[in-house]
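K.L.:
heads up, no residue letters with this:
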């Protein structure tokens, strides 16, 4: 009987079999920074507890991309945002609703974008984060 240490298998994520180059490794911090630059929102505001519509939409996009682009669990992503994992689940659901219906409602304001617009915004943020684009 050996005391082998089980190593995490990062290849069991969405891009099974694809080994990222050092340039393309994405971190939650990188996603937060990139989303912050893209939406012109300070990082501290993005991870704050404030619920202004101009903060909630970018925050939810960042949470969605963190789940999509990293192998981290919901609790780990939540800790990076200073939130509980259930907040991340809520954000994922909100973004998925927007991508299918275009409707986004928070407690104070209803935003309507076409699903194509929402998908395009997410794709552009993702592209810039993955490319390491400093001109976000």
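P.N.:
Happy to help now that I have it. Values in this document were obtained by computation on a predicted structure and should not be read as measured data.

K.L.:
so residue 51 belongs to a strand, correct?
P.N.:
No - with DSSP: H, G, I helix; E, B strand; the rest coil as the criterion, residue 51 is coil rather than part of a strand.

K.L.:
give me the neighbour count for it.
P.N.:
Residues near residue 51, counting by other Cβ atoms under 10 Å, number 12. Just so you know, the C-beta spots here come from the backbone N, C-alpha and C atoms, and that holds for glycine as well.

K.L.:
leaving out chain neighbours, which residue sits closest to residue 27?
P.N.:
Using Cβ to Cβ, 6 or more residues apart in numbering and skipping residues adjacent in sequence, the residue nearest residue 27 is residue 70, 7.0 Å away.

K.L.:
an error on my part: the question was meant for residue 122.
P.N.:
residue 61 (6.1 Å).

K.L.:
now swap in residue 96 and tell me
P.N.:
If the residues on either side of it in the chain are set aside, residue 96 comes closest to residue 64, at 8.0 Å by Cβ to Cβ, 6+ apart.

K.L.:
my read: the residue nearest to residue 27 touches residue 29, true?
P.N.:
No - applying Cβ atoms under 8 Å as the test, residue 70 and residue 29 come out as separate, 10.2 Å apart.
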